[in-house]
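J.: what would the 3D arrangement of this be:
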Amino acid sequence: MGFIDFLLGTTPEKSDVQAKANLAIPYYQDTFSPFQSFGINRGDAMQVPAVARARNIICGTIGELGLHSYNEITGARIEGRPLLKQPDPALPRFVTMCWTIEDILFKGHAFWLVLEVGPDGAPTQARRIDPTRVTFTTDLQTDEILNGFYLDGNLCPANGVGSLIMFSGVDEGLLNRGGRTIRTALELEMAVSRMAAEPNPTMVIKNSGVDLPPEQVSSLLAQWKIARQQRSTAYLSGPLDVTTFGYDAGQMQLTESRLNTAAEIARLCNIPAWYINAESASATYSNVSQERRSLVDFSLKPYMACISERLSMNDLSPRGTVVKFDLDDYLRGNPLEQIEVLERMLAAGIINVDEAREEMELAPRGNESDQNDTATARELNIAEVVQKVYLGVDKVITSDEARQIVNEAGGNLAVPGPNFTTDTGSGSNAT
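T.: Numbering: from 1, shown residues only. Model (predicted):
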């Protein structure tokens, strides 16, 4: 359906859409969105420190989290998913995930190119593709993608190697909806740069005498600029006079303006302002765990859901399995808090010592109750053997043989033992 047909109200042909229903993916695309007039490109946006820091916090935090597949009913972890462990064989998983999250954050969608599929047809390797290389056509009435995706102008297959996996975002993307604010921040950065090069207000050198040729005027201005970079005191002679107008950095309130713009960018990225130093208050050591939970709940979860739920769909994962991010290490907190929680779980009998040590990433020490039971049984066995052997010494076996039997039962007696002799005449023993 073309633009003229849309204006004339021509009914689109539904048969073409239905024939390609397997390639159609629901996607919101506002053709007449006012955001298109205020968009900004990635290169300019990343020159703003607040944008770069917000991007690195969101993408870096999510990229470091592990991805695992779980049984939807039992919750048991399923191993052996190479697409989750390292999607791109040429890049670390962290790098692939960081750029994928950035595409969703900046552009509103991301794409993976399927490199390899398994026996069941599900992708096992994929590579992140720049969204600017992908084009598609949508139906204006159904908001469905028609025909499929085009990579560098070439139509991609619907599935298998060479097909594209699309991760849809929750909005139009930061570069579209936040272009005006980011451009304001960029202009403030340029103003600061100009102010750093020319720290004084705008100046005019007035010549009340004979006009100078253009070459001498250019040379005079160049020498004036070089001299101001070396010293703040100036000297003029003859008919030259300096007039200043405009405002200095303090009067322009560049610092306050940049701080306010950084706070607006934090709102655009949906992260706390103190994360990008946009306010004076900062997190303390005692509330780091709570701040991390807040960051996950209110900032990171939408992007995490875009990734995990797309990877959980039936074309990428077996039925009955779901993909989730592993937040245990990130939300674990400091060691003191973790020990306090483990002590309460031990006292309540929820876990044993070995399980607590495993949570602290320590080697298991073994169940102490089992060790104590084993030691007690060994001691009882030795006592029983000693009692039986005592009755047969000098009657059936010698004392050294008795000591050897005790040692075999777990004792620790010297063999041969002390040599006792019996003096039957005196009725006393002597050594």
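
J.: neighbouring strands for the strand ranked longest in the chain, and are they parallel or not?
T.: The longest strand of the chain (DSSP state E) is strand 109-117. The strands that strand 109-117 pairs with in its sheet are strand 123-129 (antiparallel), strand 164-168 (antiparallel) (by DSSP bridges).

J.: list the buried residues of the shortest one.
T.: Put plainly, it is strand 164-168. Buried residues in strand 164-168, defined by neighbour count with 16 or more other C-beta atoms under 10 Å: 164-167. All C-beta atoms are positioned from the backbone trio N, CA, C, and that covers glycine.

J.: coming back round to it: out of the strands paired with strand 109-117, which gets nearest to residue 413?
T.: strand 123-129 (64.4 Å; C-beta to C-beta).

J.: residue 85 - how many residues pack around it?
T.: Using other C-beta atoms under 10 Å, residue 85 has 12 other residues around it.

J.: my guess is it contacts residue 94. True?
T.: No - judged on C-beta atoms under 8 Å, residue 85 makes no contact with residue 94 at a distance of 11.7 Å.

J.: for the residue nearest to residue 417 when sequence neighbours are not counted, give me the pLDDT.
T.: Nearest residue to residue 417 in three dimensions, chain neighbours excluded: residue 403, at 5.2 Å (C-beta to C-beta, 6 or more residues apart in numbering). What the model reports as pLDDT for residue 403 is 72.

J.: using the three-state scheme, assign residue 403.
T.: Three-state assignment for residue 403 (DSSP: H, G, I helix; E, B strand; the rest coil): helix.

J.: what's the local residue count around it?
T.: Residue 403 has 20 neighbours, counted by other C-beta under 10 Å.

J.: all helices of the stretch 101-250 of the chain, in order?
T.: For the stretch 101-250 of the chain, the helices defined by DSSP state H, counting those that start in this stretch occupy 174-177, 179-197, 214-230, 249-252.

J.: and among those helices, the most buried is which?
T.: Counting by mean count of other C-beta atoms under 10 Å, helix 174-177 has the highest mean neighbour count of these, with a mean of 21.

J.: who's in contact with residue 81?
T.: Shown in contact with residue 81 (C-beta atoms under 8 Å, 6 or more residues apart in numbering): 68-69, 317.

J.: which of those are buried?
T.: With burial judged by 16+ other C-beta under 10 Å, the buried subset of the contacts of residue 81 is 68-69, 317.

J.: what about residue 49, how many residues nearby?
T.: 15.

J.: can you give me the distance of it to residue 98?
T.: Distance, residue 49 to residue 98, by C-beta to C-beta, to the nearest Å: 18 Å.

J.: can you check residue 221 too?
T.: 47 Å.

J.: now residue 407
T.: Counting by C-beta to C-beta, the separation of residue 407 from residue 98 is 64 Å.

J.: more crowded one of those two?
T.: residue 98 (21 against 15).

J.: distance to residue 75 for the strands paired with strand 109-117 - can I get that in a markdown table?
T.: Formatted as a markdown table, the strands paired with strand 109-117 follow (distance: least, C-beta to C-beta, whole Å):
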| stretch | distance to residue 75 |
| --- | --- |
| strand 123-129 | 24 |
| strand 164-168 | 25 |
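
J.: got TSV for these, with mean pLDDT and distance to residue 417 too?
T.: Below are the strands paired with strand 109-117 laid out as TSV (pLDDT from 0 to 100; distance: least, C-beta to C-beta, whole Å):
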stretch	mean pLDDT	distance to residue 417
strand 123-129	94	70
strand 164-168	92	79
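
J.: if anything else comes up later, I'll come back, but that's it for now.
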